[in-house]
Structures are given as C-alpha cells and as structure tokens.
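Asker: task: produce atomic coordinates for the following.
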Amino acid sequence: MSGHSKWAQIKRQKGVNDARRGQLFTKLGREIIVAVRAGGSGDPNMNFRLRKAIDAARAANMPMENIDRSIKRALGGGEGAQLEEITYEGYGPGGAAVLIYTLTDNRNRTVSEIRNVFSKNGGNLGENGCVDWIFENRGIIEIDLTGKNADDIYLEAIDSGAEDVEQPDAGDVVMTVYTAANEVETVRGALETKKIPVTKSDTSLVPKTTISLDEKQSLQTIRLIERLEDLDDVQNVYTNAEISDAAMGGED
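Answerer: Numbering: from 1, shown residues only. As a prediction, this is how the structure comes out:
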C-alpha cells in the first residue's frame with residue numbers, strides 16, 4: 001500500500017495550496033450536487049455520500065452558504081440533472097495505472113482535454129476496463145499517533161474490525177487503517193468509542209498492486225496527475241504508482 005500512501009502525502013502537501021480556490025469550490029459543489037441526486041436526499045445523516053462531500057468541503061474551508069446552495073440546486077433538479085459521472089483510464093510514464101473520475105456536462109470536451117494532458121505528459125489514454133481492475137473500493141481511516149504507541153493502536157484497529165493497517169515509518173504521526181468500503185463508519189465508531197483520535201474517514205479506490213517508478217518517471221507521473229487534476233471536470237485521480245523517495249523529496 002506504500003505507493004498509495006506516498007501519493008496521498010503528496011496530495012495532502014500540495015492540494016489546497018496549488019488548487020485555485022474558486023475551481024476547488026466548484027468541484028466540491030459539483031460533488032455535493034451529484035451526491036444529493038445519487039443518494040436521493042439532502043440530509044447528510046441519511047446520505048453517506050453527501051456527508052463525505054460536505055466533510056471534504058468543510059475541510060477545504062468552503063463556506064456553509066456555498067454548501068447549502070449546492071444542496072438546494074440539487075434538490076431543485078438544476079445542474080445536477082446535467083452532470084454525468086464518467087471514469088477514464090490510462091497509463092502514466094513508466095506504465096503506472098491512472099484512473100480518472102469526472103463529473104461533466106460535456107463528455108466530448110472532457111475526453112478531449114484528458115487525452116491532451118496524457119499526450120503532453122508522457123502518458124496514454126486507454127480503453128474502458130484497461131486498469132480499473134487494479135483498484136478496489138475500500139474504507140480509509142487516518143488516526144493521529146501523536147503521543148500514542150503505534151503497536152497499541154495497531155492492535156486496537158484490528159480489534160475494531162480493520163482489514164489492514166499500514167505500518168507507519170519512524171517519525172510518522174498518522175496511521176492509515178483500511179476497511180471494507182461498507183464498514184468504514186462502523187470501524188470509525190468503534191475506534192472513537194475507544195478514545196482513539198480519528199482525523200479522517202473516507203472511501204477511496206486503492207490499488208491492489210503497485211508499480212515502482214524511478215525518480216524521472218515519478219516526477220513525470222506527479223506532473224501528469226497534477227495536470228489532470230487542474231482540469232475543471234476532473235474530481236479525483238487515482239494511481240498505482242509507487243513514487244520514488246528521491247521524487248518525494250523533490251516535491252516537498
């Protein structure tokens with residue numbers, strides 16, 4: 001899982017700083033709209049996907065009035081009725097799998113922009129199904145290790161129903177716990193009952209296998225994914241690239 005973790009670190013370090021705030025809020029608002037439509041409810045207590053979308057929006061300091069406006073738009077049948085959820089697949093430099101989740105009202109524009117980014121950044125847009133089998137939907141919970149014993153937290157996480165726990169490196173202050181996608185809230189609740197500080201819980205696509213890249217390929221892959229994320233219609237990008245330590249240092 002280390003490739004996923006390292007890429008998550010890159011996104012945590014760079015995401016909010018690099019994203020144009022207006023564009024970020026637009027993407028978060030779109031996810032809220034589609035979450036309401038897909039879940040059939042504007043109540044986050046009744047709609048898990050909406051709750052996730054609102055949590056993400058609040059983490060990005062999106063004003064509550066923007067969140068409420070997006071929910072009202074969705075309930076009114078406006079923009080949400082025009083947005084399509086489309087996934088694109090391809091390969092980055094060095095052969096890493098790249099999976100792109102989009103929300104769009106114009107699929108021709110979206111695929112053209114994505115193909116252009118791939119071609120300009122050493123990757124290739126592939127056919128549907130070429131890489132999606134590499135990823136599985138899993139629950140991801142992050143635990144604050146500050147002042148905690150990692151071995152104790154590991155045992156508590158397994159006892160709470162975690163399927164897998166990523167062993168932290170020396171000096172890490174976050175432990176990542178993996179669950180079945182439909183068990184993430186149950187495991188989170190069990191951890192919080194034990195007074196274990198959960199900082200984040202979500203579901204995400206996680207690679208079943210990773211591919212190691214050298215420094216040059218790692219930097220090219222990071223650049224490719226950042227360019228894809230800059231596209232207005234792109235909501236999330238997933239990869240099974242295991243980014244080299246040298247490239248990680250260069251991106252700090």
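Asker: quick check, pLDDT for residue 14.
Answerer: Residue 14 carries a pLDDT score of 49 in this model.
Asker: try residue 45
Answerer: Reported pLDDT for residue 45: 87.
Asker: which residues of this structure fall in helices?
Answerer: Taking DSSP state H to define them, one finds helices in the chain at 2-18, 21-39, 48-59, 64-75, 107-120, 150-159, 184-193, 215-230, 245-250.
Asker: now distance to residue 199 and mean neighbour count too, for these, in CSV please.
Answerer: C-beta coordinates here come from the backbone N, C-alpha and C atoms, glycine included. Listed next are those as CSV, based on distance: least, CB to CB, whole Å; neighbours: other CB atoms under 10 Å:
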stretch, distance to residue 199, mean neighbour count
helix 2-18, 11, 16
helix 21-39, 19, 20
helix 48-59, 10, 18
helix 64-75, 21, 17
helix 107-120, 32, 16
helix 150-159, 12, 15
helix 184-193, 11, 17
helix 215-230, 22, 21
helix 245-250, 21, 14
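Asker: now for those, which one comes closest to residue 129?
Answerer: helix 107-120 (15.6 Å; CB to CB).
Asker: low pLDDT regions in this structure?
Answerer: 1-20, 77-81, 244-252 (pLDDT under 70).
Asker: now with 50, please.
Answerer: 1-7, 9-10, 12-16, 18-19, 251-252 (pLDDT under 50).
Asker: same list (the helices of the chain) but as JSON lines, adding distance to residue 85.
Answerer: Output for the helices of the chain, formatted as JSON lines (distance: least, CB to CB, whole Å):
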{"stretch": "helix 2-18", "distance to residue 85": "21"}
{"stretch": "helix 21-39", "distance to residue 85": "6"}
{"stretch": "helix 48-59", "distance to residue 85": "11"}
{"stretch": "helix 64-75", "distance to residue 85": "14"}
{"stretch": "helix 107-120", "distance to residue 85": "11"}
{"stretch": "helix 150-159", "distance to residue 85": "32"}
{"stretch": "helix 184-193", "distance to residue 85": "20"}
{"stretch": "helix 215-230", "distance to residue 85": "16"}
{"stretch": "helix 245-250", "distance to residue 85": "31"}
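Asker: thanks a lot, catch you later.
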